[in-house]
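In: Predicted model and sequence follow; I will ask about them next.
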Amino acid sequence: MQEKLSSALSYLCAWLLAFFGAFSLQDWATIIGVGLAIGTFCINRHYRKKSYLLLRQHPQLRELYEDINS
């Protein structure tokens, strides 16, 4: 059992090193930048949707919301 685990970990490390070594620093910067942009979009969309639903449930807050965002 010990040999199987050792062999599996060895292959896993080799695959991970090959994967991370396949991209240059500029490629990683692009991948991370795109990931952050998508994450920011999703977070903003989530909170806009929550604001919209809150304003639909409480129309008296609309004026306050417009004052804050103008």
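Out: Arrived safely, thanks for sending. Residues are numbered from 1 along each chain as shown.
In: Could you use CA atoms for every contact and neighbour count after this?
Out: Noted.
In: Show me what the lengthiest helix in the chain packs onto, helices and strands only.
Out: Looking across the chain with DSSP state H, the single longest helix is helix 25-57. Judged by 3 or more CA pairs under 8 Å, 6 or more residues apart in numbering; DSSP states H and E, helix 25-57 is in contact with no other helix or strand.
In: swap the cut-off to 10 Å and go again
Out: On a contact count with 3 or more CA pairs under 10 Å, 6 or more residues apart in numbering; DSSP states H and E, helix 25-57 meets helix 62-68.
In: what is the mean pLDDT for the helix it packs on?
Out: Averaging pLDDT along helix 62-68 yields 79.
In: got the buried residues for that helix?
Out: Residues of helix 62-68 classed as buried by neighbour count (16 or more other CA atoms under 10 Å): none.
In: Over to stretch 25-40?
Out: Buried residues in stretch 25-40 (16+ other CA under 10 Å): none.
In: what about residue 29, distance to residue 35?
Out: 10 Å (CA to CA, to the nearest Å).
In: likewise residue 48?
Out: Taking CA to CA, one finds residue 48 at 20 Å from residue 35.
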